[in-house]
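Asker: fold the following, please.
(one chain, ligands or ions: 2)
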Amino acid sequence: MPLNKEIQPGDNDELTRERLQATFDTQQMAAALWGSDLARKRRELAKKVDKLTVLHDSKDMSFMTREEKLSENARKVVQMFAHVADIVEDPSDDAEMFHLSSNAIGHEGHPFGVHFVMFIPALKAQADDEQREKWLMPALGLQLIGTYAQTELGHGTNLRALETMATFDKATDEFVIHTPTVTALKWWPGSLGKSSNHAVVSANLIIDGKSYGHHNFMVQIRDENTHKPLKGITVGDIGPKMAYNASDNGFLGFDHHRIPRRNMLMRHAKVDKNGVYTKPPHAKIGYSAMVHVRSVMIGHQGMFLGSASTIAIRYSLVRRQGEIKEGSGEVKILDYQTQQHRLFPQLARAYVFMFAGKEVRELYQKVLSDMEKGETTLLADLHALTSGLKSVVTHLCVAGMEQCRMACGGHGYSRASGIPEIWGVAVGGCTYEGENMVMLLQLARYLMKAVKETKKGKSLGRLVDYLLLPQDRHSLIGRVPQGEYGPHLAAFEHIARRQIFKVADELTKLQDKGMSKEIAWQKKAVELQRAARLHTRFYLAACFHRKVQSVVDGRIREALADLYHLHLNYELLDMVNYALEDAYLKADQVDFIREDMYRLLETIRPNAISLVDAFEFSDRELRSVLGRRDGHVYENLYKWAKESELNRADVLPYFDKYLKPMMLAARQRSNI
Ligand SMILES: CCCCCCCCCCC/C=C/C(=O)SCCNC(=O)CCNC(=O)[C@H](O)C(C)(C)COP(=O)(O)OP(=O)(O)OC[C@H]1O[C@@H](n2cnc3c(N)ncnc32)[C@H](O)[C@@H]1OP(=O)(O)O
Ligand SMILES: Cc1cc2nc3c(=O)[nH]c(=O)nc-3n(C[C@H](O)[C@H](O)[C@H](O)COP(=O)(O)OP(=O)(O)OC[C@H]3O[C@@H](n4cnc5c(N)ncnc54)[C@H](O)[C@@H]3O)c2cc1C
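Answerer: Ligands and ions are numbered 1, 2, ... in the order given. Below you'll find the model as predicted:
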């Protein structure tokens, strides 16, 4: 009996033969990836979406204008909510809803994009009970559409420099919201330009001339019926972007716009009617919506890379190009070692990013429930972890997706591949929710504090316990029995620990010479962000290890372990310079790692299609001609091209308008 439930009548024979080689059951692997309950829900909801034609794309988004995209996704999101009770088991389950949206709508954005991912989480974490009743319930019930307006035209990263003001007017018990300059205009919020009628707005709280830093305020920006901007409010779309063009990221200005005092979100920080301010239990508690998105991004980015890997690996099994042995016929491009080396490490990354996404969501949920009780001890750990993961994962995802695109040759460059769109969406993640370099430096700050604690014999938190362990001088890679990978993981730990202590020592030396802490930090900023990256890559490798250890089914564990070992080898080679610097690794050990990696590429090859099938992306969700499950790529590429808007007529007006007169004139000149 085939272990691969993906096989269906009418499939491309090549793919069927590939699928029959699998050493494991894809549905069981899907359960390891998503969790068995979510894997089942995804499968069921995909089938339901297939049957509900109102949720289907009316045509390929690649052939639409921005306005058509916005309108199409507004139509679908409304239909999606109209049918939600028939499709998902629990509409309050974010994960299930994300997968429904991924199937029905895709990733280019829709009017409720930021409503669910930031507006509602901000209300859940920062609105008091009365405010939750007033806004959270209507928001969940889709009576209003909200966004999260924090970034300004002149200020994004440095939140302390935000210019928008919320000045308390004791006489009327109101705040006056004002953007005093062009650079103070809110800029970028998703779904703000044309869709939202409410916004959580970050503004400096000013009471009696004193600034208390930025806080979050609920502001209605458009009339609920006419959808026209309210008096004192200027709002619009910021224009086309690299991708994500079905989202109307917007600008927003306020001209002394008044809101009631109780529109400041007051679960933690408060202002009473006399203008008396109460501090929150933690200075950064108001940043919770950002931490929420950073925590969900990890798994989503893993999914994006998983999608690109699925497309590239399936296509590489359909595409034949060139011969390995002369005269024996063209081979599937996945049979080239270079193609395997290009793609399998990306697949392994997609897996580990999804595992890490799950771990980090669990920590987020714990911190959220602690916060509800006013307990904030773990907030710093969560901030450090999400800052590092957000940066490393988005960076590696984008690099990995680019490998997937190039691995598809020319067709990877076509939008028919589906990769350009998900690449564009994923690369946005390097910037939004905190520019990557800046967030790495946030983690580095935590790591430097951890070193101080370590020197006192203490640990700052579970994530940095390993700093307390002594450094080994030499690696045991290649010096232990074949098949033992403990020394590989130890090498990640060694590299991270060494870089963290090295940069901490360098900072101390600079300060001992009389340099200020801030300038010393600047001199060592590149090394600091490297320390943060290495720490995060160690975390990811350790997370993969934890996952493999936890799998009970032998066949699944074995197939996952191959990916894990490939990951260890590939990533170690990618950062091998750090291990060579202190002679932790010797040249023969590096050769050992390389050879083992090549061996693993061959081991993984027969399971390749089943490892991507295990993501269980439906064709509707993947939106890729190259990545079709049935492998019928060429006839469908031809069909897709014929849909191009340029093919609506054999001759387009620009020919008669410009080219024909030019050629006629040129012919006439040559006849003279
Ligand atoms: C189902 C849904 C599908 C979803 C798909 C996704 C759809 C895409 C949607 C995209 C939406 C995008 C939205 C946005 O981008 S919103 C805007 C995001 N903006 C940012 O992220 C700004 C980044 N900047 C910052 O966060 C801060 O300015 C920064 C952290 C860099 C610095 O803050 P600040 O100046 O206030 O603080 P310091 O550096 O001085 O640090 C002081 C201490 O505070 C600690 N700290 C900082 N932040 C936090 C936090 N969040 N939690 C806990 N602690 C924090 C920091 O570590 C310092 O601690 P120590 O003093 O102990 O060192
Ligand atoms: C697709 C997308 C969706 C978005 N959605 C929203 C939204 O819904 N709501 C919202 O409020 N915002 C949103 N944003 C804005 C986003 O959060 C900001 O763009 C992001 O936080 C980065 O800020 P910035 O643009 O000011 O970059 P800048 O901070 O200007 O960064 C430019 C460069 O300066 C460097 N830099 C800046 N500060 C430092 C420092 N301290 N140390 C070292 N280097 C530094 C950065 O590393 C980067 O290389 C969105 C952005 C995008 C792209």
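
Asker: for ligand 2, what are the nearby residues on the stretch 101-250 of the chain?
Answerer: Within the stretch 101-250 of the chain, the positions adjacent to ligand 2 are 114, 148-151, 156-157, 188-190, 244, 249 by Cβ under 6 Å from any ligand atom. In short, each C-beta sits where N, CA and C put it, glycine included.

Asker: just the buried residues of the residues you listed.
Answerer: Among these, those classed as buried by neighbour count (16 or more other Cβ atoms under 10 Å) are 114, 148-151, 156, 188-190, 244, 249.

Asker: Leu447 is in contact with Ala532, isn't it?
Answerer: Yes - counting by Cβ atoms under 8 Å, Leu447 touches Ala532, with 6.5 Å between them.

Asker: neighbour count winner among the two?
Answerer: Higher neighbour count among Leu447 and Ala532: Ala532, with 28 against 25, using other Cβ atoms under 10 Å.

Asker: any idea which helix or strand carries that one?
Answerer: Using DSSP states H and E, Ala532 sits within helix 525-550.

Asker: does ligand 1 have contacts with that helix?
Answerer: No - using Cβ under 6 Å from any ligand atom, helix 525-550 stays clear of ligand 1, coming no nearer than 12.0 Å.

Asker: quick one: low-confidence ranges for the stretch 1-150 of the chain?
Answerer: 1-5 (pLDDT under 70).

Asker: get me the contact residues on it for ligand 1.
Answerer: Within the stretch 1-150 of the chain, the positions near ligand 1 by Cβ under 6 Å from any ligand atom are 94, 98, 113-114, 116-118, 148, 150.

Asker: what's stretch 135-151 in contact with?
Answerer: 81, 111-112, 114-115, 118-120, 122-124, 127, 159, 162, 186-192, 195-202, 218-219, 224, 250, 252, 289 (Cβ atoms under 8 Å, 6 or more residues apart in numbering).

Asker: quote the end-to-end distance of that stretch.
Answerer: End-to-end distance of stretch 135-151 (Cα to Cα, to the nearest Å): 22 Å.

Asker: same check, this time on stretch 102-118
Answerer: 18 Å.

Asker: just the buried residues of the lengthiest helix in the chain, please?
Answerer: Looking across the chain with DSSP state H, the single longest helix is helix 337-372. Neighbour-count burial for helix 337-372, counted by 16+ other Cβ under 10 Å, picks out 339-340, 342-361, 363-364, 367-368, 371.

Asker: centre of the chain to that helix, how far?
Answerer: Distance of helix 337-372 from its chain centroid, counting by Cα atoms, centre = their mean, to the nearest Å, is 10 Å.

Asker: could you point out which element follows that helix?
Answerer: Taking DSSP H and E, what comes next after helix 337-372 is helix 379-407.

Asker: relative to helix 337-372, how tilted is that next one?
Answerer: Counting by axes from the mean of the first three to the mean of the last three Cα atoms, to 10 degrees, helix 379-407 lies at 160 degrees to helix 337-372.

Asker: which parts of this protein sit against ligand 1?
Answerer: So the chain meets ligand 1 at 94, 98, 113-114, 116-118, 148, 150-151, 157-160, 190, 284, 287, 290-291, 293, 296, 300, 379-380, 383, 432-434, 438, 442, 445 (Cβ under 6 Å from any ligand atom).

Asker: are any of those residues buried, and which?
Answerer: Counted by 16+ other Cβ under 10 Å, the residues of the chain next to ligand 1 give 94, 98, 113-114, 116-118, 148, 150-151, 159, 190, 287, 290-291, 293, 296, 300, 379-380, 383, 432-434, 442, 445 as buried.

Asker: now, which of those lie within strands?
Answerer: Judged by DSSP state E, the subset of these located in strands is Tyr148.

Asker: residues in contact with Gln346?
Answerer: Neighbours of Gln346 in contact, by Cβ under 8 Å, 6+ apart: 305, 308-309, 312, 400-401, 403-404.

Asker: ok, Leu292 - contacts?
Answerer: To be clear, residue 292 is His; Leu isn't right here. Counted by Cβ under 8 Å, 6+ apart, His292 has contacts 117-118, 121, 125, 364.

Asker: which residue, other than its chain neighbours, is closest to Arg605?
Answerer: Among residues not flanking Arg605 along the chain, Gln340 sits closest, at 6.2 Å (Cβ to Cβ, 6 or more residues apart in numbering).

Asker: my read is that the one you found contacts Leu601, right?
Answerer: Yes - under the criterion of Cβ under 8 Å, Gln340 makes contact with Leu601 at 4.2 Å.

Asker: any idea how far the residue nearest to Arg605 is from Gly631?
Answerer: 19 Å (Cβ to Cβ, to the nearest Å).

Asker: equivalent analysis for Met575, please.
Answerer: 36 Å.

Asker: what does Ala348 give?
Answerer: Counting by Cβ to Cβ - Ala348 and Gly631 are separated by 23 Å.

Asker: tell me which residues in stretch 219-226 are buried?
Answerer: Of the residues in stretch 219-226, 219-222 count as buried by neighbour count, 16+ other Cβ under 10 Å.

Asker: so which of the residues you listed are in helices?
Answerer: Going by DSSP H, the helices hold none of the buried residues of stretch 219-226.

Asker: and the residues you listed as CSV, adding pLDDT?
Answerer: As requested, those are exported to CSV (pLDDT from 0 to 100):
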residue, pLDDT
Val219, 98
Gln220, 98
Ile221, 98
Arg222, 98
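
Asker: farthest-separated two in the residues you listed?
Answerer: Comparing all pairs in the buried residues of stretch 219-226 by Cβ to Cβ, the longest separation belongs to Val219 and Arg222, at 10.4 Å.

Asker: for the chain, which residues are neighbours of ligand 2?
Answerer: 114, 148-151, 156-157, 188-190, 244, 249, 428, 431-432, 434-435, 437-438, 441.

Asker: which element is the closest residue to ligand 2 within the chain on?
Answerer: As assessed by Cβ to the nearest ligand atom, ligand 2 sits closest to Gly156 within the chain, at 2.1 Å. If you go by DSSP H and E, Gly156 is not part of any helix or strand.

Asker: can you redo the residues of the stretch 101-250 of the chain next to ligand 2 as JSON lines with distance to Pro470?
Answerer: Formatted as JSON lines, these follow (distance: Cβ to Cβ, whole Å):
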{"residue": "Val114", "distance to Pro470": "47"}
{"residue": "Tyr148", "distance to Pro470": "46"}
{"residue": "Ala149", "distance to Pro470": "50"}
{"residue": "Gln150", "distance to Pro470": "44"}
{"residue": "Thr151", "distance to Pro470": "45"}
{"residue": "Gly156", "distance to Pro470": "42"}
{"residue": "Thr157", "distance to Pro470": "38"}
{"residue": "Trp188", "distance to Pro470": "47"}
{"residue": "Pro189", "distance to Pro470": "49"}
{"residue": "Gly190", "distance to Pro470": "48"}
{"residue": "Tyr244", "distance to Pro470": "47"}
{"residue": "Asn249", "distance to Pro470": "50"}
